[in-house]
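> Just the structure for this:
(chains A and B)
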Amino acid sequence: MSSTAHETAHGHGVDQKQFGFWIYLMSDLIIFAVLFATFAVMSGHFAGGPGPKALFDVPYLFLETMFLLVSSVTYGLAVLSLQAGKRSAVVWRLLITFVLGLGFVAMEVNEFSQLIGEGFGPDKSAFLSAFFTLVATHGFHVSCGLLWMATLIVQVWRKGLTAGVESRLLRLSLFWHFLDIVWVGVFSFVYLVGLV
Amino acid sequence: MSENHAEQSSGGHGRLGKYLVGFGLAVVLTLVSFGIIAAGVQPKYIAVIGLIVAAVLQIFVHLRYFLHLDGSKDQVWNVTSIAFTALIVFLFVAGTVWVIFTLNARLMA
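Below you'll find the predicted structure:
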């Protein structure tokens, strides 16, 4: 398993759960691959509607990307505090991660509502259908990650760094870093390639 | 095996340093990607190739520095499963693009 599991040296139970979760992430990757492939096929079909250059705001996208990237690092810092057994540091580092993740989701929801408000919703063209499906699937994953993170923050705060809490924190760590990797694909191939 | 690994990679500084190096590389690669668009690199195919290369490099940076995936023995199954998944992803995406974008040519022939 990822060495994050080993650093805690809890033995095979944690390793197996981490590996099982890793397999889930791999199947999730397949879902995203299908959505990326669909987007690639649909991305040139605007049905008379606007294309990427009329819709995407590069500085806005850059800020959104930074929110998620920095949150990935702050989650890593929370794992370091976890390994050092520092409970309060784990809590506040997770809180920072949560706020950054929430900032990302808020920016995305804002972008979507603006597009839909201007009449460029997923019903406008094949390009926009594929765009909304792929980006919203990622955003939904991040939102689920936030719900999971909020739950774990409460658990760390109330139960402390028990073996169970630690094991769950390490799995969320895989999930969170994984979502940032998928986002690299989204901002590169969905947004930026469309702007070339 | 796992305890050896824990000893090797323990020590707060090394771990913190790894995250910071990963962050630095990820920021640089993100700036390269956005820079390609900001600078309006021409011709277009060069810009697209640049974006693909930067994205692939950044994915490896994330895997190495954030998910701590490396060639160590205890990670054989993680690496094997992601390598297999990468193959499937490649078949799906490249296969779809290839089939759909050559459809016209093949129907005409």
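
> can you pull out the helices in chain A?
Using DSSP state H, the helices of chain A run over A:3-7, A:12-42, A:52-55, A:58-83, A:87-117, A:126-159, A:163-185, A:193-195.

> try chain B
B:2-9, B:12-38, B:44-61, B:76-101, B:103-108.

> Count the neighbours of A:Leu115 for me.
19 (other C-beta atoms under 10 Å in any protein chain shown). C-betas here are computed from N, CA, C, even on glycine.

> I'd say it and A:Leu55 touch.
Yes: look at A:Leu115 against A:Leu55 with C-beta atoms under 8 Å: they come within range, at 6.5 Å.

> still on that earlier bit, weakest of the helices of chain A in terms of mean pLDDT?
Of all the helices of chain A, helix A:3-7 carries the lowest average pLDDT, namely a mean of 46.

> For A:Pro122, grab phi and psi.
phi -60, psi -10 (degrees, to the nearest 10).

> residues in contact with the residue lying closest to it once chain neighbours are set aside?
Using C-beta to C-beta, 6 or more residues apart in numbering or on different chains and skipping residues adjacent in sequence, the residue nearest A:Pro122 is A:Phe132, 3.9 Å away. Residues near A:Phe132 by C-beta atoms under 8 Å, 6 or more residues apart in numbering or on different chains: A:Phe112, A:Gly121, A:Pro122.

> again, 10 Å this time
If you count contacts by C-beta atoms under 10 Å, 6 or more residues apart in numbering or on different chains, A:Phe132 has them with A:Phe112, A:Leu115, A:Ile116, A:Phe120, A:Gly121, A:Pro122, A:Asp123, A:Lys124, A:Gly139.

> cool, A:Leu55 as well?
Contacts of A:Leu55 by C-beta under 10 Å, 6+ apart are A:Gly49, A:Glu111, A:Gln114, A:Leu115, A:Glu118, A:Phe120, A:Phe127, A:Leu128, A:Phe131, A:Tyr191, A:Gly194, A:Leu195.

> hmm, which helix or strand of chain B has the shakiest average pLDDT?
Lowest by mean pLDDT, DSSP states H and E among the helices and strands of chain B is helix B:2-9, with a mean of 39.

> What's the local residue count around the spatially closest residue to A:Leu161 that is not a sequence neighbour?
Excluding the flanking residues, the one nearest A:Leu161 by C-beta to C-beta, 6+ apart is A:Arg87, at 5.6 Å. A:Arg87: 15 surrounding residues under other C-beta under 10 Å.

> swap in the one 10 residues further on?
The number of residues packed near A:Thr97 is 26, by other C-beta under 10 Å.

> distance of it from B:Pro43?
41 Å (C-beta to C-beta, to the nearest Å).

> so the residue nearest to A:Leu161 sits right up against A:Trp157, yeah?
Yes: with contact defined as C-beta atoms under 10 Å, A:Arg87 reaches A:Trp157; the gap is 8.0 Å.

> Look up the residues that both of the two are in contact with.
A:Val165.

> buried ones in stretch B:47-59?
B:Ala47, B:Val48, B:Gly50, B:Leu51, B:Ala54, B:Ala55, B:Leu57, B:Gln58, B:Ile59 (16 or more other C-beta atoms under 10 Å in any protein chain shown).

> what about it, distance to the chain center?
Distance of stretch B:47-59 from the chain centroid (C-alpha atoms, centre = their mean, to the nearest Å) equals 9 Å.

> Does it reach chain A?
Yes: Stretch B:47-59 comes into contact with chain A (C-beta under 10 Å from any C-beta of the partner chain), by way of B:Ala47, B:Val48, B:Gly50, B:Leu51, B:Ile52, B:Ala54, B:Ala55, B:Val56, B:Leu57, B:Gln58, B:Ile59.

> If you count neighbours, what's buried in stretch B:28-48?
Quick answer for stretch B:28-48 (16+ other C-beta under 10 Å): B:Leu29, B:Thr30, B:Val32, B:Ser33, B:Phe34, B:Ile36, B:Ile37, B:Val41, B:Ala47, B:Val48.

> Thanks a lot, see you next time.
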